[in-house]
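S.K.: Provide a 3D model corresponding to the input given below.
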Amino acid sequence: MAKVAALSLQFLLLLSFISGGALMMINGQKTWCVAKPSSDQATLLANINFACSHVDCRIMQRGCPCSSPDNLMNRASIAMNLYYQANGKNVWNCDFRGSGLIVITDPSYGNCIYA
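M.R.: Numbering: from 1, shown residues only. The predicted structure follows:
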């Protein structure tokens with residue numbers, strides 16, 4: 001199973017390089033970047049600060065659609081995805097020192113729509 005996952009990752013990286021850095025959607029699947037559940041609080045806060053220094057994170061402000069639930073895991077996932085989407089959806093744009101996870105299931109909830 002681990003060999004299959006490793007080969008899949010290598011294939012996706014190859015596609016990324018062939019396409020000039022943009023990760024191609026396979027069978028029309030969209031991807032999002034979220035924080036790994038195992039990430040510690042300091043890492044999540046650093047990810048929020050980094051991502052929001054490069055992209056507009058106003059969607060997380062109080063009263064905006066993604067302001068609730070107000071916890072670091074949720075806020076980091078939103079910020080990390082904003083950064084990932086704005087920078088070409090490359091694998092490395094969701095690394096965040098190993099704390100990012102690319103998912104194919106839409107993490108949107110309620111009125112908070114992940115781009």
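
S.K.: any idea how far the most centrally placed residue in the chain lies from A76?
M.R.: Within the chain, one residue has its C-alpha closest to the average C-alpha position: by Cα atoms, centre = their mean, that is C33, at 1.6 Å. Spatial separation of C33 from A76 under the definition Cβ to Cβ, to the nearest Å is 10 Å. All C-beta atoms are positioned from the backbone trio N, CA, C, and that covers glycine.

S.K.: And the helix or strand hosting N49, how far out from the chain middle?
M.R.: When secondary structure is defined by DSSP states H and E, N49 falls within helix 41-52. Taking the mean of its C-alpha atoms, helix 41-52 sits 12 Å from the chain's own mean (Cα atoms, centre = their mean, to the nearest Å).

S.K.: ok, now stretch 97-109?
M.R.: Relative to the chain's own centre, stretch 97-109 is displaced by 5 Å; criterion: Cα atoms, centre = their mean.
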